[in-house]
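**Student:** Attaching a predicted model along with its sequence, questions to come.
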Amino acid sequence: MELTGIAAYLVSFFTFVGIYSVLALGLNMQWGLTGQFNIGIAGFFAIGAYTSAILTTSETTRHLGGFDQPFLVGLAGAVAASALLGLAVGWITARLRTDYLAIATIGIAETLRLVIANEGWLTNGVRGVSGIQRPLDGTFQALGLGSGLGSLLVVLVFVGIAYFFAERARCSPWGRVLRAVRENEPATEAAGKNVGRFRLEAFVVGAGIMGLGGGLYAHHFGFLSPEAFLPLYGTFLVWVMLIAGGSGNNKGALLGAVVIWIIWSGSEFVMRGVLPEGYGGHAGPLRVILIGVLLQVILITRPEGLLPEKAPRDIGKGAGRRES
Amino acid sequence: MYTLIELMQLSIYGIVLGSILTLGAIGVSMIFGILRFAHFAHGDLLTVGAYCGLGFLSLTGAPVWFALPAGMAGAAVVAVLVDQAVYRQIRRTQPVILLISSFGMGLIIRSVVQVIWGPDVYSYPGGIQRPWQIWELSIIPNHVWILLAAVVLVALLHLFLTRTRLGKAMRAMSDNMDLALVTGIPAERVIMITWIIGGALAAGAGVLLGMDSRLTPMMGWSTLLPIFAAAIVGGIGRPYGAIAGGMLIGLAMEISTLFIDPSYKLAVAFVIMVAVLIVRPHGILKGAW
């Protein structure tokens, strides 16, 4: 009994690590490679989650829906909606300095959260969307796997796909231009690259990946409410993950997701054990302080993260090695 | 006729909100001018100020107006401490790293407030005030005091910036950093004064906001977006523009409630900000401070 409890906990643990890995990969595309500052990750996460939920749920009077589409259509919708939002934000802020992008993204995220909380016809407001199906539930049941394990497998497959494409993009000439934009914009411009266009492309691709993370979250968790998309969970943790892991490095994004999620969820147990009776209410803020201080320490002492960025191998050799 | 009265009533609320936003936006603008980054923990300095004022009142039992100097002192100390402990260490890297750091710092400050005072809602002593009826308008006495306090604080800042050596040094650093440093302006001292003034003004905004409504750990964070909007509309890096920006955003947010759901006030500030960014990326006012 005890053992199955731990197993179930581990399954759910790694599913969340997987979802956060996808978000961190998306952020790595925007910040790590291109140097674009998005602190409205929660907004892209939310629009992906709600799009997929609305597309796949069956007829209900509580929110817009009844499209009853399969899981993959939902995910595709999530990616498309989030990328579209990224296009709008990126287009507006393309020619402005990065601080404006930061402010604009947080504005989008907060405004979206207001819309989600207030437009009941669309999202059922604060009462939330429920009854979102887990993918391939029946198939996994037939194979004798629990739906939690099935969900984990699906998430891991998409982490793999996202990682594969993010890594290919990083090593490609396209990725090289992105790093050039990050390091020296005027020089890139002088080399004849359309800087605005490359930045917009990276921002849209990153937003799409974040939308994928949102869709995966919706189908794993089965329930969505505006609470889940507060800046703390949706944005801050992802940033700490990428910076701790090593921005610019896709492996770092994955490692950061694992490490920070261990610290974040582990701190819950520690707080429960350490805090005296009656101080349980302090556990939440104390955990946030812990992660926040950790971020500051990393920024001061090791800003390159656990796995510093490495220049990709020569593209010809790299591609050849993968295909052999 | 009826809507005219309503419009005037909302304009009063708008000016009160605008004066609170102005105090926050001046700090954001000054910090941007000197240190070249958008300070994302600024909203939480508001919160710290409001709660420090509350703490002082409940410790001493002083009249409610003492919350203002107490809160300003508290937030100025917090701002300087945060700068010395964290921001100063990473100032040499790109400014954008400071932006990430300040975002995390905001969460830390908010959580510390929550640990000390708990998640409960507080309000300053004084209770509900009976509004004055002037013509068809009802004016809440506190609103008059809020506006007055904001005007006094802005006037003091103006005197500091134009009459003192340090104020002039600050303007010089914001205008042209290299030139200012070459002429021997003590950069670290100016930066510290910037944090003291920015923190104190933010706390002023926080205390006044607390008088207008209530104190919650989230009060500053949820005011951050309108404050940024005010700073950007006024031209970020230009404190005097922040006054115009604050008033415009405050008025727009309140008057918008005539037409749309009040819960979208925040979105109104955001939309104006985006519109200004598209049309006039350097703000509505021309020239430097």
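**Tutor:** Ah, there it is.
**Student:** Check which helix or strand whichever residue of the stretch 101-250 of chain A sits closest to chain B maps to.
**Tutor:** For the stretch 101-250 of chain A and chain B, the shortest gap (Cβ to the nearest Cβ) falls at A:Gly107, measuring 4.1 Å. Where C-beta positions appear, they are placed from N, C-alpha and C, glycine not excepted. Element membership for A:Gly107, per DSSP states H and E: helix A:98-118.
**Student:** now B:Gln133
**Tutor:** Per DSSP H and E: strand B:132-134 holds B:Gln133.
**Student:** List the pairing partners of the next helix or strand after that strand within its sheet, with orientation.
**Tutor:** The first helix or strand that comes after strand B:132-134 along the chain, using DSSP H and E, is strand B:137-139. Applying DSSP bridges, strand B:137-139 is found paired with strand B:132-134 (antiparallel).
**Student:** what's in contact with the strand it pairs with?
**Tutor:** For strand B:132-134, contacts defined as Cβ atoms under 8 Å, 6 or more residues apart in numbering or on different chains pick out B:Ser138, B:Ile139, B:Ile140, B:Pro141.
**Student:** Produce a ChimeraX select command limited to the buried residues of the residues you listed.
**Tutor:** Typed into ChimeraX, the line below selects the buried ones among the contacts of strand B:132-134, using 16 or more other Cβ atoms under 10 Å in any protein chain shown:
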select /B:140
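**Student:** coming back round to it: just the CA coordinates for the helix holding A:Gly107, please, in PDB.
**Tutor:** Provided in PDB are the C-alpha atoms of helix A:98-118 (Å, rounded to 0.1, in the frame of the first residue of the first chain):
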ATOM      1  CA  THR A  98      13.500  44.300 -23.900                       C
ATOM      2  CA  ASP A  99      12.000  46.000 -20.800                       C
ATOM      3  CA  TYR A 100       8.900  46.900 -22.800                       C
ATOM      4  CA  LEU A 101       8.600  43.300 -23.900                       C
ATOM      5  CA  ALA A 102       8.700  42.200 -20.300                       C
ATOM      6  CA  ILE A 103       6.100  44.700 -19.200                       C
ATOM      7  CA  ALA A 104       3.900  43.800 -22.200                       C
ATOM      8  CA  THR A 105       4.100  40.100 -21.500                       C
ATOM      9  CA  ILE A 106       3.100  40.500 -17.900                       C
ATOM     10  CA  GLY A 107       0.300  42.700 -19.000                       C
ATOM     11  CA  ILE A 108      -1.000  40.100 -21.400                       C
ATOM     12  CA  ALA A 109      -0.700  37.400 -18.700                       C
ATOM     13  CA  GLU A 110      -2.600  39.400 -16.100                       C
ATOM     14  CA  THR A 111      -5.300  40.500 -18.600                       C
ATOM     15  CA  LEU A 112      -5.800  37.000 -19.800                       C
ATOM     16  CA  ARG A 113      -6.200  35.900 -16.200                       C
ATOM     17  CA  LEU A 114      -8.900  38.600 -15.700                       C
ATOM     18  CA  VAL A 115     -10.700  37.400 -18.900                       C
ATOM     19  CA  ILE A 116     -10.600  33.800 -17.700                       C
ATOM     20  CA  ALA A 117     -11.900  34.700 -14.300                       C
ATOM     21  CA  ASN A 118     -14.700  37.100 -15.600                       C
END
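**Student:** which parts of the helix or strand following it are buried?
**Tutor:** As assigned by DSSP H and E, the chain's next helix or strand after helix A:98-118 is helix A:120-123. Applying a neighbour-count criterion of 16+ other Cβ under 10 Å, one finds A:Thr123 buried in helix A:120-123.
**Student:** elements contacting helix A:120-123?
**Tutor:** helix A:41-56, helix A:98-118 (3 or more Cβ pairs under 8 Å, 6 or more residues apart in numbering or on different chains; DSSP states H and E).
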